[in-house]
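Asker: sequence? don't have it. structure:
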């Protein structure tokens, strides 16, 4: 192995398939939050439980919150450092403030309503070590996630991203006739060099900012996305609580896609309209969105047969029925995997 960094331990990289020398990684953790101290404390405790200690935890309080400050003080943890925004500016701006305040070479993100499993940093440390010298300043690393919903738990994405597809099509295109869960990208699993995040910050929006930073970094700035096989993040979905990252409606989502200009390919744009945005509107039974989304997909995108079928099925069947079918299929796959 070349380079001047000190080798710390021997480890195993599942993506590389061979032992690698594990290098020490200097990580700052950025957690944006807004008036949810009980969830925030849970998230912080999951960081403190990491098998590889982090340098610091930068908690960006998105607007003054005395209760949040009191909860942080009660923790009595010297590595926790609060940064208070004078007013609420949204998750992207909060994460950017955390990056600016961070002292580590690498920055990992965690939403205040998610958790890390104990080996989240360790598994990404393995990936950094395996790729040492391969453009460290242009790497974005992710893990897979354990997604928890009221109907069950799922591993997302179903398979780790391996760069066989362009990242925009991997995110938004429909690659199977009936199988979902093939792509998933969420900020709580992201790790990147601080220098890269300063050059390519989160957009100052309140919508899809985690997708946008990765899309622009990979497709416009020549960065490489590396996803570990490990499911090292617990991500909670469909729970009745607000979130800095769960705001907006289908019109705002469509405006976001339009604002991405040439970043999204026509096929990815159509998939975003027909298989991503449509999931939210069909769940809300917002029938006024049916024709505008379909029209936008044809006007600015290039729909595929799989995308169109998924769109029709999303509108035909109640959301709770679809979730039950997904849970049943996931359970059957897990049973077959266990018996193999």
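Answerer: Cool, the structure landed. Because the structure is predicted, anything quoted here is derived from the model rather than measured.
Asker: what sits against residue 75?
Answerer: Going by CB atoms under 8 Å, 6 or more residues apart in numbering, residue 75 touches 41, 44. Any C-beta I mention is one placed from the backbone N, CA and C, and that applies to glycine too.
Asker: pLDDT score assigned to it?
Answerer: Per-residue confidence for residue 75 comes out at a pLDDT of 96.
Asker: pLDDT wise, what is residue 125 at?
Answerer: 90.
Asker: Was I right to think it contacts residue 26?
Answerer: No - counting by CB atoms under 8 Å, residue 125 sits too far from residue 26 to count as a contact (10.4 Å).
Asker: Just list what the longest strand along the chain packs against, helices and strands only.
Answerer: Assignment by DSSP state E gives strand 224-236 as the longest strand of the chain. With contacts taken as 3 or more CB pairs under 8 Å, 6 or more residues apart in numbering; DSSP states H and E, strand 224-236 sits against strand 115-116, helix 120-130, strand 139-149, helix 209-219.
Asker: neighbour count winner among residue 125 and residue 26?
Answerer: Neighbours per residue (other CB atoms under 10 Å) separate residue 125 from residue 26, with residue 125 holding more: 26 against 12.
Asker: any idea how far stretch 296-307 is from the chain center?
Answerer: 25 Å (CA atoms, centre = their mean, to the nearest Å).
Asker: List the buried residues for it?
Answerer: 296-297, 301, 303-304, 306-307 (16 or more other CB atoms under 10 Å).
Asker: do the same with stretch 276-290
Answerer: Here stretch 276-290 shows 276-282, 289 as buried, counting by 16+ other CB under 10 Å.
Asker: Show me the residues you listed that map onto helices.
Answerer: 278-282 (DSSP state H).
Asker: Let me see the ranges of the helices in the chain.
Answerer: Using DSSP H, the helices assigned to the chain run over residues 37-48, 66-75, 91-101, 120-130, 167-172, 194-199, 209-219, 250-259, 266-271, 278-283, 290-300, 305-316, 319-339.
Asker: Which of those sits closest to residue 151?
Answerer: Among the helices of the chain, the nearest to residue 151 by CB to CB is helix 319-339 (4.4 Å).
Asker: Count the neighbours of residue 137 for me.
Answerer: 12.
Asker: My guess is it contacts residue 196. True?
Answerer: Yes - using CB under 8 Å, residue 137 is in contact with residue 196, at 5.8 Å.
Asker: shaky segments in this structure?
Answerer: Within the chain, the ranges that satisfy pLDDT under 70 run 1-24, 132-135, 178-181, 238-248, 318-340.
Asker: what residues go with each domain of it?
Answerer: Listed by automatic domain parsing, the domain ranges of the chain are 9-236, 250-339.
Asker: Deepest-packed of the ones you listed, please.
Answerer: A comparison of these by mean neighbour count, using mean count of other CB atoms under 10 Å, puts domain 9-236 on top with a mean of 19.
Asker: Can you give the distance of that domain from its chain's centre?
Answerer: On the basis of CA atoms, centre = their mean, domain 9-236 sits 7 Å off its chain's mean C-alpha point.
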